[in-house]
Every structure is written in C-alpha cells, then in structure tokens.
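**Q** all I have is the shape, not the residue letters:
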Ligand SMILES: O=C1O[C@H](COP(=O)(O)O)[C@@H](O)[C@H](O)[C@H]1O
C-alpha cells in the first residue's frame, strides 16, 4: 500500500456529549457499511477510558451489522478480563453485553500469559496476524477504524509522553511495565499499526481536556503522543470533541456531515 503524506486532521465539534455520541455512531455505521461492501467485514480497534460509554448511541441504532465486526483493543491493561481495570470488561459492560455481537469476534488478551508480557503481547500480535495477514498483504494490519481517546497528559492507547515505545517501528503490539497511569502493566498497539489504519477517530469530551487538546491540535510540534497519530497509508484522522473540550483550540473545525 502506498505511503502518502499525512492529511490534516478533521475536527468535528458538538455542543453536547449527546450530539457528539450520535454523530460518532452515524460515522461508525458509514465506515462499517463501506468496509463490508469492500471486504465483507469491519475491523475495528477500541480503547478504554471514557470511550466505551461514548459508543452507547450505537446500541439502538439501525444499520449496525454486529455479526461483521472484528474487534481488537488498541490497548489493554494486563489484568483479568473481569477486573474493574480491564478495557475489555468496560467495553463489555458498556456496549457488548447490550448488542448481538459475536463473542468469537472480540479479540481479548490471553491473561494466562500474564507472567510474561513479551509472550502475552506476541500472542496478541499473532491474533492480529491471523486476522489480517492473509486478507491484506500490507506489512502492517490496515484497520477500517481505530477509536482512540487521549488522557490529560496527551497519551493515547498506552503510548505515554517521553516513553521509548513512541519510537517503536517494527512491532505491531508492544508492552509496558511502567505506565505512569495505573495499572502499570499494559499492552498497546504501536504507531505503525495506528498509522496504517484507514480511519482513526479520537473522541474527547469535557473542559478538563481543554488544555491537552489545545496542545495536541495547535502545537503538534510538541510531539504529544496523540499528535503523532497521522495515518499515511493513506488514512485519515478525525477528532470528535465537544465544545468544552475544544474551547481553547484554534485549529479549524469542519461542519459534520456524512
Ligand atoms: O488508560 C487509558 O486512558 C486513555 C484515555 O482515557 P480517558 O478516560 O481519559 O478517555 C484511553 O484511551 C486508554 O484506552 C486507556 O487504557
């Protein structure tokens, strides 16, 4: 697949979190439809934190083909799958337990390997290889959509400011044992995977993220982890934010339309 210069982010802002979530659901359904038409499936990676709750408008929307979704986690905390810190548990509680998604199509970490994070992250990488390698011949998997959040420090997935993982060029899935945000042991997609996606959508809401968003969008040269998400193969990064979160940002907004 050709590498192209990254296109500029597209920033959508909404007056309320309800409007944001509704627009996000419509955007996801459109991406899903295009992907199923092309490939017969929809590959999506989901984050934890506030994101799973922001997907709740999908629950009763017509047009979601849950049977075609292949779900991975953009990052996961290395805790049992039913632990309160697990991104899988959060997504299950907030979304998957409420919709007819196929359990086999939700790709979780293998917690039985938790004593050895290298082995655990390799196993998750192999899970990705099984899903993507024969279907797309790219060096890295090409997700139809990766859904990300960003923390107050500008981290995304489990890629934290100043961490050596920010320069990983080879691995698809890496691990960290020193996450500054608890819990410390995690796995994460690397930039090569995130930046090969067809679409990456950040979802950010609330005034508490206003300073972070200003730095990420107006000062990308500062290199916060979220600013480094620039799909190039080719792909597009979108920002779905609410007005309080974007209140300090000068970066131009685009009116939302499908
Ligand atoms: O620890 C994590 O934090 C980020 C951001 O979470 P948020 O609650 O501030 O939206 C999240 O995207 C990531 O998946 C998670 O593991």
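**A** Everything's here; your move. The structure presented is a predicted model; accordingly, all values stated were derived computationally and were not measured.

**Q** please count neighbours and contacts with C-alpha atoms only from this point.
**A** Fine.

**Q** which parts of the stretch 51-200 of the chain are strands?
**A** With strands called from DSSP state E, counting those that start in this stretch, the stretch 51-200 of the chain shows them at 69-73, 75-77, 145-148, 173-176, 186-189, 199-204.

**Q** tabulate those (JSON lines), appending mean pLDDT.
**A** Formatted as JSON lines, the strands of the stretch 51-200 of the chain follow (pLDDT from 0 to 100):
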{"stretch": "strand 69-73", "mean pLDDT": "98"}
{"stretch": "strand 75-77", "mean pLDDT": "98"}
{"stretch": "strand 145-148", "mean pLDDT": "98"}
{"stretch": "strand 173-176", "mean pLDDT": "98"}
{"stretch": "strand 186-189", "mean pLDDT": "98"}
{"stretch": "strand 199-204", "mean pLDDT": "98"}
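
**Q** adding distance to the ligand, write the ones you listed out as a markdown table.
**A** Shown next, in a markdown table, are those (distance: least, C-alpha to the nearest ligand atom, whole Å):
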| stretch | distance to the ligand |
| --- | --- |
| strand 69-73 | 8 |
| strand 75-77 | 6 |
| strand 145-148 | 5 |
| strand 173-176 | 12 |
| strand 186-189 | 8 |
| strand 199-204 | 7 |
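
**Q** between those, which one is closest to residue 164.
**A** With C-alpha to C-alpha, the closest approach to residue 164 among those belongs to strand 173-176: 9.7 Å.

**Q** okay, the strands of the stretch 51-200 of the chain in a markdown table with distance to residue 157 next?
**A** What follows is these, written out as a markdown table (distance: least, C-alpha to C-alpha, whole Å):
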| stretch | distance to residue 157 |
| --- | --- |
| strand 69-73 | 9 |
| strand 75-77 | 5 |
| strand 145-148 | 7 |
| strand 173-176 | 11 |
| strand 186-189 | 6 |
| strand 199-204 | 11 |
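
**Q** and these as CSV, adding mean neighbour count?
**A** Below are these laid out as CSV (neighbours: other C-alpha atoms under 10 Å):
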stretch, mean neighbour count
strand 69-73, 22
strand 75-77, 26
strand 145-148, 26
strand 173-176, 24
strand 186-189, 26
strand 199-204, 23
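
**Q** to residue 210, which of those lies closest?
**A** So among the strands of the stretch 51-200 of the chain, strand 199-204 is nearest, using C-alpha to C-alpha, at 9.4 Å.

**Q** starting at the chain centroid, how far to that closest one?
**A** Relative to the chain's own centre, strand 199-204 is displaced by 7 Å; criterion: C-alpha atoms, centre = their mean, to the nearest Å.
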